[in-house]
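A.B. asks: quick one, what's the 3D model for this:
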Amino acid sequence: MPVVVAVVVTFNPDHDIAGLLRVLDEQCDHVLVVDNGTPGDGLSRIKRAAVEAHAELLALGHNRGIAAAQNVGIAHARDLGASHILLSDHDSLPAPGMVDRLLSGFDSAGRVAAVGPLPEEDREGGDQLVYVSRRWKPGRATPAELDTDRLEAAFLIASGCLVSVDALNTVGPMDESLFIDHVDLEWGLRARQAGFRLLVVPDAKLHHSLGDDVVMLPGRSQPVHVHGPTRNYYLARNTIALVRRHALMPWRWRVRYVYWLVKYVAFNAMLPDRGKERRRLLRRGIRDGLCGRSGPLDDQA
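C.D. replies: Modelled structure (predicted):
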């Protein structure tokens, strides 16, 4: 029988996560909460929610990044005898039966590293965040492609992703040098390079919020997510870091990600909100990416 351990990473949640933990407690064998440095009252609320949902809290004391927090949870889940690990952000909520539907995906042919749900954003203009392989990039799946029992994915967004421990043993842990952003893409590329499949079960639903503002631009059917200046830094830096890993990413994808980065930098540099800080951190992200710097922003000169 599979043993599913949920690993929920928290960082300053702006809402009560008790509902999420209760749902995970119903669908999983164990629930671990790895807190990435939430201060004061916020951590107290997480502790109360964890106790109510019979979840175990691992408080890291400071922000070590999403990848490091996931790795801490994964290591502890192994100690609990996990065969599969469900990764979750604090701003996601699985629909009823999601985990069982994800487990069914591991019965598919071939070596399956991870199975993801259909993540749907709970707001106007919300996206269905499923990415499939295109010639030049990972692209959003179309409604016709999602009308299936199983869909091959280019990579899986981390929240709601059910990962096989056997695959983790082969592929390795999350890349902590990235800190945040593109962590799930990088692991998915490694998994596929190792001969594993990544699948989406569209019937498994996950309500998800990216926590960003969105704007609709003329001529685009999909919303553009507006990140804060610090996220601008990590997205710019980590995009360059992945593009430089020639053996990991197909050359066509590398070309397209450079093109995407140029547009991303131009768009965000023109935003009036904290514009000076955005431009400074975008410049620094590009510089650090080209110089091969990694880790948390505060640790860099």
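A.B. asks: how about the closest residue to residue 89 other than its chain neighbours, secondary structure?
C.D. replies: Among residues not flanking residue 89 along the chain, residue 159 sits closest, at 4.1 Å (Cβ to Cβ, 6 or more residues apart in numbering). All C-beta spots, glycine's among them, are computed from the backbone N, C-alpha and C. Using DSSP: H, G, I helix; E, B strand; the rest coil, the structure places residue 159 in coil.
A.B. asks: likewise residue 247?
C.D. replies: coil.
A.B. asks: ok, it to residue 133 distance?
C.D. replies: Relative to residue 133, residue 247 is positioned 17 Å away (Cβ to Cβ, to the nearest Å).
A.B. asks: residue 268 too?
C.D. replies: To residue 133, residue 268 is 27 Å away according to Cβ to Cβ.
A.B. asks: grab the nearest non-local neighbour of residue 154.
C.D. replies: Nearest residue to residue 154, sequence neighbours excluded (Cβ to Cβ, 6+ apart): residue 138, at 3.7 Å.
A.B. asks: contact partners for that neighbour?
C.D. replies: When contacts are counted by Cβ atoms under 8 Å, 6 or more residues apart in numbering, residue 138 touches 131-132, 154-155, 185, 253.
A.B. asks: swap in residue 190?
C.D. replies: 171-172, 248.
A.B. asks: find the nearest non-adjacent residue to residue 71, please.
C.D. replies: Spatially, and ignoring its direct neighbours in sequence, residue 71 is nearest to residue 173 (4.6 Å; Cβ to Cβ, 6+ apart).
A.B. asks: could you report the neighbour count for that neighbour?
C.D. replies: As a burial measure, residue 173 scores 14 neighbours (other Cβ atoms under 10 Å).
A.B. asks: now residue 157
C.D. replies: Other residues lying near residue 157 total 22 when counted by other Cβ under 10 Å.
A.B. asks: that one reaches residue 117, doesn't it?
C.D. replies: No - the pair residue 157 and residue 117 does not pass the contact test of Cβ atoms under 8 Å, sitting 9.4 Å apart.
A.B. asks: do you have the helices of the stretch 151-300 of the chain handy? List them.
C.D. replies: Applying DSSP state H, counting those that start in this stretch to the stretch 151-300 of the chain gives helices spanning 165-171, 183-193, 229-243, 251-269, 275-291.
A.B. asks: packing partners for the one helix or strand residue 42 maps to?
C.D. replies: Using DSSP states H and E, residue 42 sits within helix 40-52. With contacts taken as 3 or more Cβ pairs under 8 Å, 6 or more residues apart in numbering; DSSP states H and E, helix 40-52 sits against helix 18-27, strand 30-35, strand 56-59.
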